[in-house]
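In: Fold the stuff below for me.
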Amino acid sequence: FPLPYQKNDKKLSLVSKLFNIFGILVGKAVLDERLLDIRLAIPFYKWFIGQPLTLNDLAIVYPQVAKTLFEFVKLDKEYKKELSSSGKSKEELSSLITFNGAKISDLYLYFVLPTNNDFEIKENGSKIQVTLDNLGEYVDLVVNTLLKSGIETQMHEFRKGFETVIPIKSLNCFTVSEIDALLCGWIPTNEEYWEKAAILDAIVCDHKYNINSLPVQFFVEALHKLTNEKK
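Out: Take a look at the predicted model:
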């Protein structure tokens, strides 16, 4: 998944060219029906085909960051609810609503990326401290920067490169998981591939056998019970 870059970063021009070349490579792989020896994140495919990304997608790419942000979302909702209904002051709530026992202001977070303290996510962000009042905004800006604004230049170049070979709309009939399998091959340990219904669907019976034949059923049962190592 692309690293976020600021628009004025001198490296962005080179990185964008590389993503354009990568897009051409992926397009050729699809056109020539070749597999890529690389595993791409599912959110990458969602961005590529135009599906919106959310905090749930961030959990795939940045699991530790997302785990903290999920907690912040809960705290933000609790704070707004208590502020409007409890009658308590902001000062009281700041002591009551805490993250792992610490007040949000005591975490000394600022409006910079948690993965890069030099990357401001809003103007003068390195000087703006995160509090309960702006916690929701902080979460939104981190998610937006990591999944959209910080990578849109690279991803647009990837899409442009891909479309010099084959139209992106040609992939509209596929799900993101199917696109992943199309480009990188299927993952042997993916549970959905080993469900009995999926195995039966992949079997073509012959020599008077059918999917209800006992040998076929025994075979499916054996495959279904394989350990991940044996798969």
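
In: biggest helix in this structure by residues?
Out: helix 63-85 (DSSP state H).

In: Residues touching that helix, excluding its own?
Out: The contact list for helix 63-85, computed with CB atoms under 8 Å, 6 or more residues apart in numbering, reads 55-56, 58-59, 88, 90, 93, 96-97, 99, 104, 114-115, 132, 135-136, 138-139, 142-143, 146. Every C-beta, even on glycine, is put in place using the N, C-alpha and C of the backbone.

In: Strands - which of these land there?
Out: Counting by DSSP state E, the contacts of helix 63-85 place none of their members in strands.

In: can I have the longest helix of the chain written out in CSV, keeping just the CAs?
Out: Only the C-alpha atoms of helix 63-85 are listed here, as CSV (Å, rounded to 0.1, in the frame of the first residue of the first chain):
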residue,chain,number,x,y,z
PRO,A,63,-3.5,-2.3,12.2
GLN,A,64,-2.0,-0.6,15.3
VAL,A,65,-2.9,2.9,14.2
ALA,A,66,-6.5,1.8,13.4
LYS,A,67,-6.8,0.0,16.8
THR,A,68,-6.1,3.3,18.5
LEU,A,69,-8.3,5.3,16.2
PHE,A,70,-11.2,3.0,16.9
GLU,A,71,-10.8,3.7,20.6
PHE,A,72,-10.7,7.4,19.8
VAL,A,73,-14.0,7.2,17.9
LYS,A,74,-15.7,5.6,20.9
LEU,A,75,-14.3,8.3,23.2
ASP,A,76,-15.4,11.1,20.8
LYS,A,77,-19.0,9.7,20.7
GLU,A,78,-19.1,9.3,24.5
TYR,A,79,-17.8,12.9,24.9
LYS,A,80,-20.3,14.4,22.6
LYS,A,81,-23.2,12.4,24.2
GLU,A,82,-22.1,13.4,27.7
LEU,A,83,-21.5,17.0,26.8
SER,A,84,-25.1,17.4,25.4
SER,A,85,-26.9,15.4,28.1
